[in-house]
Every structure is written in structure tokens, then in C-alpha cells.
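S.K.: Below is the sequence, then the predicted model.
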Amino acid sequence: MTDGVFVDIESLAPGGDGVGRQRGAADGEAATGDDDGRVTFVPLAAPGERVRARIVRAQGRVAWGELLSIENPGPDRVAPVCPLFGTCGGCQWQHVSMAAQHAAKKVIVERALGISIPPVIAASRPFGYRDRVKLAVGGGRVGFRERRSHQIVDVPACPLVSERLARALSAVRALGTRLPDGGEIDVQAGADGVCIDVARVDGAGAAYARREWDRLQAGGVVGLSLAGKPTHGQASVNVAEPASSPLPASASGFAQVGHEANAVLVAAVLDAVGASPGHVVELYAGSGNFTRHLVARAASVRAFEADPAAVDRGRLAVPAATWGLGAPKMASAVTNCDLPIDLVLLDPPREGGDALNLAVAQQARSRIVYVSCDPQTLSRDARRIATGGFRLARALALDLMPQTHHVEVVAVFVRA
């Protein structure tokens, strides 16, 4: 569409783009009434700067552009650490200071929830915090998707990955270069080594991965699975935070991005739960990340999770809890149980809670503690929870993933 407009960037938006308003055509011609002042999203732009952007799409009074040049750098702009930044889609905010990132995440959460929150908690170090990654393979390349593209950026090293994951990255990349296009490798590092899961490959690719087991072991890999099925070595690794009870996680399952960040998240959740939460129902319990700690302070813990493998790991890790599989069994178990529900803790995926889980959460007699990785779906679910007689009392934002737009929120709802 239009080439060369000036945009004054005001803030960082959910999704990672800089957002501001158009202030005229960059070629010196007068701006049209439609262009001048139009809200415009520009990736890789920083707050407080004027940029020149090429508009690629517009709808009404909103436009989306691509950065052409920085006319006046903003005070929060910094030099990216990674030479692939801007091409690789793994990061969005390496070009802005940590203070600006935290300020933006605070505003994003406050706007989504309609309340004021404390300053964002830095749960991870700025770099070297990732214990898990998903690598795409194709054309001999192993890495991440390009920004706004399905093309693969070859990533020999990533400044976000932890030391214990980086030690096995060379062996994992060597495997990936020989896999067929379209394959994926999930990598999970733990205190006892690195597990990988090779997915979306044909029979020949799976056979090759099996043959490479010895080389993978020599490179620091302790477990190999194919499409979620353990094949060689360990099925999981211990991803527990320091000085905590073990927490097994597989490469194909879910775990928090890093063990140091998880320690901060667990502490925030336990503070929200309180010292004596009574009878607790935990939804989307995973392999027992929070369950491990709940059983030490709750009168009882009933934990429910839809992934059978995660439930099996949870039962081994936290036998003191009562474990249930899936939403239908959860609803039946909760309805037919003589125990009350004093508090519900839920940690749903990015798409938020489903209707059945939220209906169970509304049965809590005192509080709901909701752990969210997306403020927008949390905002939607907060409105649903309110229909059950709850109000949002407080929320805390944690930066588990620096250099990205992602933010974790621990929200507390109380009976109105």
C-alpha cells in the first residue's frame, strides 16, 4: 500500500509491535486526512521515537507497517545482543531496555484487567533463562521461524537458552539437519540432562533419529522420544526449582520456560493461595508444579489434568494429592465428593479456561487463584468468573520471558 510515512511511536503493544500515530508522509508531501493521526503498528520500533514505515495493511483508522528507518531514536532503544534479532521471530523486544519492557507489560496487564497492579517482577535473568525450546527443521536448517513467516532461520546459538540446554544444542542441531522438512524437535533441559522429542517426521526420519541415539547421548541428551512416545533413555528430566521436591517433565509435555523463573512463579502462587487454603481443587495441574507445594499446606488437594502422561508423572511426583484425568471426570468427581471446595487454583493454556473448568472454579467458597500467560484471555475469563459472584481483588505480573512480549499474571478472585 502506501510507502514512506512517519510514525511517532508511543508504546509497545500486546503481540510485540511498537504502536503510535502517523504524522505525515515521509517524502515531504502533505499527509491525507485518512493518514494523519492514524493508529499504526510497527514491529521493531521503540517508544518515544519517530520512525519511517511502509504501510502494508490498513483497516479504517488502524494500519500496520514495516520499519524502514529510525528518524529519531527513542531513549529506551538498546543494541540487540543477538545478530539474528529482527529476522528470527523468537524475540520481539531485544531492541528496548528491560525497564521499558517491564513498563509495557505492566500497562498491558492493567488495560486488560482494568485495575492497577504493582511493578512487574523480573522472574528471569535477561538472557540465558530458557530450559526448553521448540526447533523447526527443514532444508538443512535447524532453528526458529522467521518473523511473520514460516521460513526457518538457522540458529547455531541463542542467547536466551540456558547453559544446560546449550550444552546439548550442537548434538540436537546435528540430528535436525538430517531430518525431513517439516519436522520439529522439542528440547527440555533439566537438572539431570536434556530430553528431546522428535515430531512430525516420517518413518525414515524416525528410524534415523533412533540410529543417532549414541551420538545424542555423547552430546548430552539423556532421553529421546518420537511423537511423544519414549524410545531411548529417560522419559523425563527433573525441572524443579532449586531446593524443591522433584518435578518430572518430558520434552513433549508442558513445563515453565526455565527453573529459575518457575521458582519466582511458585512463590507468587503460594502467596496468593495463603498458608491455610483449606480444601483445594487444582485445574490444569500438569505434572504437579504447584501441587507439590499445595499438599504441605492444604487440608486436601484434588488435582485434575487432561494429559494422561502428565497425570501419571503427577501421581508419582505428588502421591499425597488425589489425581483425576480430564474435564468430564473432574466435573463428576467434584460434584459427587463430600469435601467442600474452599479454593480453586487453575493454570490454563494460552487460550484460557474452558466452560467446564470455569464452572468448577466458580464453586469455590472463598477464592480462585488464576495463573495466566495471556492477559487478554484472562480478561475474558475474569468476566465469566464474575458471573459466579466473584470480583478480581488483585493481580501480579511476572516477566518469565524477557526480550519477548509474553507476561505471566497471577490473579486472585474473591467472593463478592
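M.R.: That came through, no problem. Quantities reported herein were computed from a predicted structural model and do not represent experimental measurements.
S.K.: okay, CA-based contacts and neighbour counts for the rest of this
M.R.: OK.
S.K.: What residues sit buried inside stretch 110-124?
M.R.: For stretch 110-124, burial by neighbour count (16 or more other Cα atoms under 10 Å) applies to 110, 112, 113, 120, 121, 122, 123, 124.
S.K.: do stretch 54-65 as well
M.R.: For stretch 54-65, a neighbour-count test (16+ other Cα under 10 Å) marks 54, 55, 58, 62, 63, 64, 65 as buried.
S.K.: And the furthest pair within those residues?
M.R.: Farthest pair in those (Cα to Cα) is 54 and 62. Separation: 13.8 Å.
S.K.: Output the buried residues of stretch 110-124 as CSV; include the columns distance to residue 268 and pLDDT.
M.R.: Output for the buried residues of stretch 110-124, formatted as CSV (distance: Cα to Cα, whole Å; pLDDT from 0 to 100):
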residue, distance to residue 268, pLDDT
110, 18, 98
112, 20, 98
113, 18, 98
120, 12, 98
121, 10, 98
122, 12, 98
123, 10, 97
124, 14, 97
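S.K.: For residue 177, state which of those residues is nearest.
M.R.: Distances from residue 177 to the buried residues of stretch 110-124, taken by Cα to Cα, are shortest for residue 124, at 30.8 Å.
S.K.: Tell me which stretches of the stretch 151-300 of the chain form strands.
M.R.: Taking DSSP state E, counting those that start in this stretch, the strands of the stretch 151-300 of the chain run over residues 152-154, 184-190, 193-199, 221-226, 229-233, 237-238, 248-249, 279-283, 300-305.
S.K.: Same list, the ones you listed, but as TSV with distance to residue 89 and mean pLDDT please.
M.R.: Compiled in TSV, those are given as follows (distance: least, Cα to Cα, whole Å; pLDDT from 0 to 100):
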stretch	distance to residue 89	mean pLDDT
strand 152-154	9	97
strand 184-190	16	98
strand 193-199	21	97
strand 221-226	26	98
strand 229-233	29	97
strand 237-238	27	96
strand 248-249	26	94
strand 279-283	31	97
strand 300-305	31	96
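S.K.: These: which one's closest to residue 387?
M.R.: Taking the strands of the stretch 151-300 of the chain one by one with Cα to Cα, strand 279-283 is closest: 19.1 Å.
S.K.: can you redo the buried residues of stretch 110-124 as JSON lines with distance to residue 45 and secondary structure?
M.R.: Output for the buried residues of stretch 110-124, formatted as JSON lines (distance: Cα to Cα, whole Å; DSSP: H, G, I helix; E, B strand; the rest coil):
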{"residue": "110", "distance to residue 45": "22", "secondary structure": "helix"}
{"residue": "112", "distance to residue 45": "22", "secondary structure": "helix"}
{"residue": "113", "distance to residue 45": "25", "secondary structure": "helix"}
{"residue": "120", "distance to residue 45": "22", "secondary structure": "coil"}
{"residue": "121", "distance to residue 45": "24", "secondary structure": "strand"}
{"residue": "122", "distance to residue 45": "23", "secondary structure": "strand"}
{"residue": "123", "distance to residue 45": "25", "secondary structure": "coil"}
{"residue": "124", "distance to residue 45": "24", "secondary structure": "coil"}
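S.K.: Tell me which of the buried residues of stretch 54-65 fall in strands.
M.R.: Per DSSP state E, strands hold the following members of these: 54, 55, 58, 62, 63, 64, 65.
S.K.: List the contacts of stretch 43-54.
M.R.: In this structure, residues lying in contact with stretch 43-54 by Cα atoms under 8 Å, 6 or more residues apart in numbering are 1-12, 16-18, 26, 42, 65-77, 86, 92-93, 95-96.
S.K.: Just name whatever secondary elements the host helix or strand of residue 11 is in contact with.
M.R.: Using DSSP states H and E, the element containing residue 11 is strand 5-12. Where contact means 3 or more Cα pairs under 8 Å, 6 or more residues apart in numbering; DSSP states H and E, strand 5-12 is packed against strand 18-25, strand 50-59.
S.K.: And those strands, which one averages the lowest pLDDT?
M.R.: Among the helices and strands packed on strand 5-12, strand 18-25 carries the lowest mean pLDDT, at a mean of 90.
S.K.: tell me the angle it makes with strand 5-12.
M.R.: Angle of strand 18-25 versus strand 5-12, following axes from the mean of the first three to the mean of the last three Cα atoms, to 10 degrees, is 160 degrees.
S.K.: mind listing what strand 18-25 pairs with, with the direction of each?
M.R.: Counting by DSSP bridges, the strands paired with strand 18-25 are strand 5-12 (antiparallel), strand 39-42 (antiparallel).
S.K.: Of the ones you listed, which is nearest residue 255?
M.R.: Ranking those by proximity to residue 255 (Cα to Cα) places strand 5-12 first, at 27.3 Å.
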